[in-house]
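just a sequence and a predicted model for now, questions to come.
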Amino acid sequence: MVATDNFQKTAEAARFNLAAYLKERQKLCETALDLAIPVVYPEKIYEAMRYSLLAGGKRVRPILCLATCEMIGGTIEMAMPTACAVEMIHTMSLIHDDLPAMDNDDYRRGKLTNHKVYGEDIAILAGDGLLALAFEFVATQTPHNVPRDQVLQVIARLGRALGAAGLVGGQVVDLDSEGKSDISLETLNFIHNHKTAALLEACVVCGGILAGASAENIQKLTRYSQNIGLAFQIIDDILDITATQEQLGKTAGKDLTAEKVTYPSLWGIEESRSQAQQLVEAACTELASFGEKALPLQAIAHYIVSRNH
Ligand code: GRG
């Protein structure tokens, strides 16, 4: 049975070239993001927004959104405005996270952080500008073959994923936990389910909504994305210990220096890796009913635990 499973996994992997897929999707996203923000007066703010948005990054979130829309039967065009929006939102959260009032980081995506280049005032506004544009972009750029009530649902989902019930709430508990060594697993899960998993869930679920997914399929997508969301953060914590600044594009070892409670600090590296692997297996199982159409999302789930940056 195990031999058959392994054989099937190898055969599927051979049929699906993830590296080529990611490269092609990254290129599509780069082009769309570049076109999304022309530089006009007052140039300084558009340049600051573009500086962080076009600084690279793996583009995992927009690619998840596109892949889900396609798996459910939609097209890349239907999901591209939302894909751009989730990357704008993710980038704004990184800009604000890096500010001296929060994580105080000097490097991000291999470059100086936004506030180091443009100053704190403009960095805050660049984040605000990206956040506002994200919603405008979904509302005005989603093609009209997507029913308007689905667009409205996407806007509502994104808003919920970002606010106090999502990223903002997770960041608040994270800030509150700083310097405390007695953080429980429950609190750690709360932080990362909100700070990291909520946006990944919104990417996947919104991709499904745009393609008209049924309520049952939305449930499957929700469970898939919650599992990969937590796995993503566990690996992020491991990489903070094991990867170099060059690989990460930001300061390495920050969690250790700040004596932050992380998954590896609670479980150790090997157990953390094994937990992440189990979450990814569970995520992939959720998509079994989609057959071959689920290969991209399943391969992305495996990439999340095998990545080195
Ligand atoms: C969203 C309104 C609003 C405010 C932001 C600052 C803040 C509130 C939240 C912090 C969210 C945060 C920084 C979470 C960390 C998520 C994470 C694991 C980032 C790393 O993502 P990667 O590895 O990075 O995908 P790249 O650079 O590849 O995109």
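Yep, it's here. Numbers count the residues shown, from 1 in each chain.

how about the closest residue to L287 other than its chain neighbours, secondary structure?
The spatially closest residue to L287, leaving aside those adjacent along the chain, is A294, at 3.8 Å (Cβ to Cβ, 6 or more residues apart in numbering). Glycine gets a C-beta too; all of them are placed from N, C-alpha and C. Recorded secondary structure, A294: helix (DSSP: H, G, I helix; E, B strand; the rest coil).

equivalent analysis for G74, please.
Under three-state DSSP, G74 comes out as coil.

quick one: contacts for the residue in the chain positioned nearest to the ligand?
Residue nearest to the ligand within the chain: G57 (3.2 Å; Cβ to the nearest ligand atom). G57 sits next to 87, 90-91, 109 when contact means Cβ atoms under 8 Å, 6 or more residues apart in numbering.

on the three-state scheme, it is what?
At G57 the chain is in coil, as set by three-state DSSP.

and the pLDDT at it?
G57 carries a pLDDT value of 93.

same question, Q8
Predicted confidence (pLDDT) for Q8: 54.

before we move on, the earlier item: check what pLDDT the residue nearest to L287 gets.
Looking at A294, the pLDDT reads 97.

thinking again about what came up before, reformat the contacts of G57 as CSV; add neighbour count and secondary structure.
Output for the contacts of G57, formatted as CSV (neighbours: other Cβ atoms under 10 Å; DSSP: H, G, I helix; E, B strand; the rest coil):
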residue, neighbour count, secondary structure
E87, 26, helix
H90, 21, helix
T91, 27, helix
R109, 19, coil
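
of those, which ones also sit close to the ligand?
The subset of the contacts of G57 within reach of the ligand, by Cβ under 6 Å from any ligand atom, is 90, 109.

closest to I45 out of the contacts of G57?
Nearest to I45 out of the contacts of G57 is T91 (Cβ to Cβ; 14.1 Å).

wait, what's in contact with the residue sitting nearest the centre point of the chain?
Geometric centre of the chain, nearest residue: R61, 4.1 Å, by Cα atoms, centre = their mean. Contact analysis of R61 by Cβ under 8 Å, 6+ apart lists 83, 86-87, 90, 199-200, 203.

one more: A243?
A243 neighbours (Cβ under 8 Å, 6+ apart): 252, 308-309.

ok, now I63?
Taking Cβ under 8 Å, 6+ apart, we find I63 in contact with 22, 25-26, 29, 83, 300.

can you confirm A213 is in a helix?
No: under the criterion used here (three-state DSSP), A213 is coil, not part of a helix.

separation between M49 and D34?
12 Å (Cβ to Cβ, to the nearest Å).

which of the two has more neighbours?
M49 (27 against 12; other Cβ atoms under 10 Å).

any idea how far the host helix or strand of the more buried one is from the chain center?
M49 belongs to helix 43-53 when assigned by DSSP states H and E. From the chain centre to the centre of helix 43-53 is a distance of 21 Å (Cα atoms, centre = their mean, to the nearest Å).
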